[in-house]
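>>> Sharing a model prediction with you, sequence too.
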Amino acid sequence: MSGLQVVFAGTPEFGLPCLEALYKSDHQIKAVYSQPDRPAGRGRKLQPSAVKEWALAHEIAVYQPLNFKNPETIAELAALQPDVLIVIAYGLILPRAVLEIPRLGCINVHASLLPRWRGASPIQQAILHGDLQSGVTIMQMDVGMDTGAMYTKVDCEITKTDTAASLHDKLAAISAQPLLATLSALMKGTHQLEVQDNNLVTYAGKINKEDAQINWQQSAVQIDQLIRAFNPWPIAFTPLDGEVLRIHQAQVDDTVSDKHPGTVLRLDKKGMLVATGDKSILIEKIQFPGARAISVADWLNAGRSQLYVGQNL
């Protein structure tokens, strides 16, 4: 049995393992859709997405519409006559007219165990809220936001040291096999769908930079979760003398102090120990404005003095 005619829609690196798996399978990738190039870096030069770069390297046609409000854009997709449209972190809303184009419908690969964490930031929210488990859901798309029926799920442990970056990579790596299995079941007509339980829905909204500000009144565990959830972006921070101190890495410490939350308790080569609303947190990697991220040990070795014991963050 020959494979399916596939159109792939995605933007960031998360979709690359699935793209690679599709490329090596019997299915044919007819075209790739990705968001328009965006300015990036200090020079603000237009930068293609990771998915676009992959497609160009593999000589696959790339389409980059701003949206699907134009009938000509929809007709362009329809002319490709895909059996299925696979959507992974594309970032554009697909209207009903697009969802109805593929013969076998549109499939979304979502980085959570739906119906938990529908929306834009499922990886970050899972860490931020102390979830012990995450995963990938292969679902049938409808006009709602991550509301469609589910083909299959695969789960993944969240460790106490996982950051959004490391969990992203783990979930991306485990997404390809269930996607290929779903496509195989669709071809054979053996697929089964499970409707999401609306009583279990939680939402993962879009992240803003200000969400990453540390509240020292929270527990050390909650602060640690925030630091890991917002690494590599937007990076947890605390105001410091009118500037911003970014915190890239830390760990919970059992030290209990009667000092006000946010007080620097100790500063040595192990890190900077800070009082919180419950226990303490040992900050290990920091970044001052205009400088690169460095360990507290390296910062001390450089003889800097912006931080000191007794300081209130």
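In hand now; what should we look at?

>>> so who does the nearest residue to Arg266 once chain neighbours are set aside touch?
In this structure, Arg266 finds its nearest non-sequential neighbour in Leu273, 4.0 Å apart by C-beta to C-beta, 6 or more residues apart in numbering. Just so you know, the C-beta spots here come from the backbone N, C-alpha and C atoms, and that holds for glycine as well. Residues in contact with Leu273 (C-beta atoms under 8 Å, 6 or more residues apart in numbering) are Asp253, Thr255, Val264, Leu265, Arg266, Leu267, Ser280, Ile281, Leu282, Ile283.

>>> Show me the helices in the protein, by range?
Taking DSSP state H to define them, one finds helices in the chain at 16-24, 50-57, 71-78, 96-99, 122-128, 164-188, 220-229, 296-301.

>>> Could you dump those helices into CSV with mean neighbour count and distance to His260 added?
As requested, the helices of the chain are exported to CSV (neighbours: other C-beta atoms under 10 Å; distance: least, C-beta to C-beta, whole Å):
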stretch, mean neighbour count, distance to His260
helix 16-24, 18, 46
helix 50-57, 18, 44
helix 71-78, 14, 57
helix 96-99, 15, 54
helix 122-128, 25, 24
helix 164-188, 18, 30
helix 220-229, 23, 15
helix 296-301, 16, 21
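
>>> Could you tell me the least trusted of these?
Lowest mean pLDDT within the helices of the chain: helix 296-301, at a mean of 93.

>>> neighbours around Ala236, how many?
Using other C-beta atoms under 10 Å, Ala236 has 24 other residues around it.

>>> Quick check: Trp299 vs Tyr308, distance?
Computed with C-beta to C-beta, to the nearest Å, the distance linking Trp299 and Tyr308 is 12 Å.

>>> What are the structural domain limits within this structure?
5-204, 211-301 (automatic domain parsing).

>>> Span of the longest one from start to end?
Using C-alpha to C-alpha, to the nearest Å, one end of domain 5-204 lies 32 Å from the other.

>>> what distance separates that domain from the centre of its chain?
12 Å (C-alpha atoms, centre = their mean, to the nearest Å).

>>> Kind regards, and thank you for your time.
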